[in-house]
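*Asks:* when you get a sec, could you give me coordinates for this:
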Amino acid sequence: MKVYLVGGAVRDALINYPVVEHDYVVVGSTPEEMLSLGYTQVGKDFPVFLHPESKDEYALARKERKCGQGYTGFVCDFDPTVTLEEDLYRRDLTINAIAQDENGQLVDPYQGQADIKNRVLRHVGPAFSEDPLRVLRVARFAARYHHLGFTIAPETLSLMKNMVASDELKTLTKERIWLEIEKCLKTHTFHLFLDVINDIGALPDVLPILPNWTLERSDKVATANNLASSSKVDLELNTLQLCQFCLCLEPSITEDLKAIEQTLKIPSLFANSLRDYKALLTLLKPKRLSSEDILNFFNHIDLWRRPERFNLLLDILNYSQSHNDIAQKLQNCAISAQAVTAQQVIALGFKGAEIKLALQTARIEAIDHTLN
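*Replies:* Numbers count the residues shown, from 1 in each chain. Okay, the predicted model is just below:
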C-alpha cells in the first residue's frame, strides 16, 4: 500500500497558487483494508475514503471504462493491481496528473510540469472526450489561471469544440453545470469562464437564457472586479458572487425570468436578485426618475418588509460602476420613504381604505422632496 498526494494540491503548489484541499490516491489497497485502518467510505460503489483524523479524501487507484452517456456513465476498476500511472492517465489535464510521494518526489508520467512551465492546459489522453463535464472544468481552470498566463492547448480546444458540436454537454444536469459556475463566481472569474464557453459554442447548453456574450461585456465585468479590488470594497462573498452573476447576465434582462430557477437550476437568491436587477434597470431607463415610478419599484421589491433586497441591489449597482450617482439618489429616496409609516397616517385621522392611499401619497411626497 502506497499513498500519493495528487491533483489540485500538487498542481497549485507548483504554480505558487493557494492550496485549498489535499487529495490522495492509494495504490495496492482494497476497501476492506481501508476500512480496517479506520477510514470512512464515501458512497457504496465509489472507492473514496475519508481519513479518520484529517478527513482528507483518499481514493483507491482506479481505471474507468465508458459504459453510458454523460459524466456518470463509467464503470470503475479499483483492483489493487491498478498502477499509479494508470490512475493518473484517467485524469483530465496533464497539470492534474502529477503525484507526489511521501518523500516529496514527483511522479509526472504525462509531462504536467512542462505544461505548467509553458502555461498550457492540455488533456491527458483520448478518454477526455468521454466526459462532457471536463469541458466545463477546463473552461474553469482557464478562467482561474488566466492571470498567470495559462491558455488552452489548440488540440484540447479543438476537442472541446467537437464535444459541444456532438451534443455531449446536453447530458449534463443543470445542477452540475451550476456547481461549475458557482466555483467561478467564488474566484471572480465567471466572465473569463464565459469567454471560453462562448468561444467553443457551448453558451446555449450552459446558459440558455443568455442570448449572447461579447468581449465588451467581459471587459466591463473585469473592470468592475478590478475597481472593487483596488478600492477594497468590503462585500460578503455571497454579494460579490451576485454582483458578478447579475453583471454577466445583464444582456439576458430582456428575457422572461419567471422560471429562471427551473431553466438554470440556480439558488433562489440568485434568481430573485437577477429579477430585482431587471426591475431596477427598467426603472432607470427614463432620463428622469418620477416619484411614482420609484415608489412602485419600492413596493415591488417590498422595501418595507425586505430592506435587505434593496441593499443588495445597491451593492450590485455600485459594483457595476455605471449608475453610482443614481444609486445614492435611490438610497436617499428609500430613507425618506421608509420614514413615512402607517402609524403616522393613522394619527392624522385616516381610517380603513383611506390609510393605504394616504400612505402612498405621503411617501410620494417624501420621495419628490428628496429628488428636488
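*Asks:* for the rest of this, base every contact and every neighbour count on C-alpha atoms.
*Replies:* OK.
*Asks:* mind listing what the residue most central in space within the chain touches?
*Replies:* In the chain, the residue lying closest to the centroid (Cα atoms, centre = their mean) is Glu182, at 2.1 Å. Glu182 is in contact with Gln241, counting by Cα atoms under 8 Å, 6 or more residues apart in numbering.
*Asks:* so it: helix, strand or coil?
*Replies:* helix (DSSP: H, G, I helix; E, B strand; the rest coil).
*Asks:* next one: it from Asp325, what distance?
*Replies:* 30 Å (Cα to Cα, to the nearest Å).
*Asks:* quick check on the closest residue to Lys186 other than its chain neighbours: phi, psi?
*Replies:* Nearest non-adjacent residue to Lys186, counting by Cα to Cα, 6 or more residues apart in numbering: Gln241, 6.3 Å away. Per-residue torsions, Gln241: phi -60, psi -40 (degrees, to the nearest 10).
*Asks:* okay, now the unreliable bits of the stretch 1-150 of the chain?
*Replies:* 66-74 (pLDDT under 70).
*Asks:* mind listing the helices for it?
*Replies:* With DSSP state H, counting those that start in this stretch as the criterion, the stretch 1-150 of the chain has helices at 8-14, 31-36, 84-89, 112-117, 133-144.
*Asks:* of those, which is nearest Tyr24?
*Replies:* Nearest of the helices of the stretch 1-150 of the chain to Tyr24, taken as Cα to Cα: helix 8-14 at 9.4 Å.
*Asks:* identify the residues contacting the closest one?
*Replies:* Pro18, Val19, Val20, Glu21, His22, Asp23, Ile95, Asn96, Ile98, Ala99, Gln100, Ile116.
*Asks:* which of these are buried?
*Replies:* His22, Asp23, Ile95, Asn96, Ile98, Ala99, Gln100, Ile116 (16 or more other Cα atoms under 10 Å).
*Asks:* count the residues that sit near the residue nearest to the fourth one when sequence neighbours are not counted.
*Replies:* What it means is Asn96. Of all residues not flanking Asn96 in the chain, Gly7 sits nearest, at 4.6 Å (Cα to Cα, 6+ apart). Gly7 has 23 neighbouring residues, counting by other Cα atoms under 10 Å.
*Asks:* stretch 358-366: which residues count as buried?
*Replies:* Those would be Ala358, Leu359, Gln360, Ala362, Arg363, Ile364, Glu365, Ala366, for stretch 358-366 by 16+ other Cα under 10 Å.
*Asks:* CA atoms only: put stretch 218-232 into CSV for me.
*Replies:* Taking C-alpha atoms only, stretch 218-232 is exported to CSV below (Å, rounded to 0.1, in the frame of the first residue of the first chain):
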residue,chain,number,x,y,z
SER,A,218,-16.4,40.6,-20.3
ASP,A,219,-14.2,43.7,-20.1
LYS,A,220,-17.0,45.6,-18.2
VAL,A,221,-17.1,42.9,-15.6
ALA,A,222,-13.3,42.7,-15.4
THR,A,223,-13.2,46.5,-14.8
ALA,A,224,-15.8,46.2,-12.1
ASN,A,225,-13.8,43.5,-10.4
ASN,A,226,-10.5,45.5,-10.6
LEU,A,227,-12.1,48.6,-9.3
ALA,A,228,-13.7,46.7,-6.4
SER,A,229,-10.4,45.1,-5.6
SER,A,230,-8.3,48.3,-5.8
SER,A,231,-10.8,50.3,-3.7
LYS,A,232,-11.0,47.3,-1.3
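*Asks:* the stretch 251-372 of the chain: helices as residue ranges?
*Replies:* With DSSP H, counting those that start in this stretch as the criterion, the stretch 251-372 of the chain has helices spanning 260-264, 268-283, 291-300, 307-320, 324-338, 342-347, 353-371.
*Asks:* let's have those helices in JSON lines, adding distance to Pro47 and mean pLDDT.
*Replies:* Formatted as JSON lines, the helices of the stretch 251-372 of the chain follow (distance: least, Cα to Cα, whole Å; pLDDT from 0 to 100):
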{"stretch": "helix 260-264", "distance to Pro47": "31", "mean pLDDT": "90"}
{"stretch": "helix 268-283", "distance to Pro47": "34", "mean pLDDT": "92"}
{"stretch": "helix 291-300", "distance to Pro47": "51", "mean pLDDT": "96"}
{"stretch": "helix 307-320", "distance to Pro47": "43", "mean pLDDT": "91"}
{"stretch": "helix 324-338", "distance to Pro47": "53", "mean pLDDT": "91"}
{"stretch": "helix 342-347", "distance to Pro47": "62", "mean pLDDT": "92"}
{"stretch": "helix 353-371", "distance to Pro47": "63", "mean pLDDT": "94"}
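*Asks:* Pro80: which of the ones you listed is closest?
*Replies:* The nearest among those, by Cα to Cα, is helix 260-264 at 40.8 Å.
*Asks:* run through who's touching that closest one.
*Replies:* Lys174, Glu175, Trp178, Leu207, Pro208, Ile209, Ile266, Pro267, Ser268, Ala271.
*Asks:* and Asp293, how far from Pro286?
*Replies:* Applying Cα to Cα to Asp293 and Pro286 gives a distance of 10 Å.
*Asks:* neighbour-wise, which of the two wins?
*Replies:* With neighbours defined as other Cα under 10 Å, Asp293 and Pro286 compare such that Asp293 has more, 13 against 9.
*Asks:* many thanks, have a good one.
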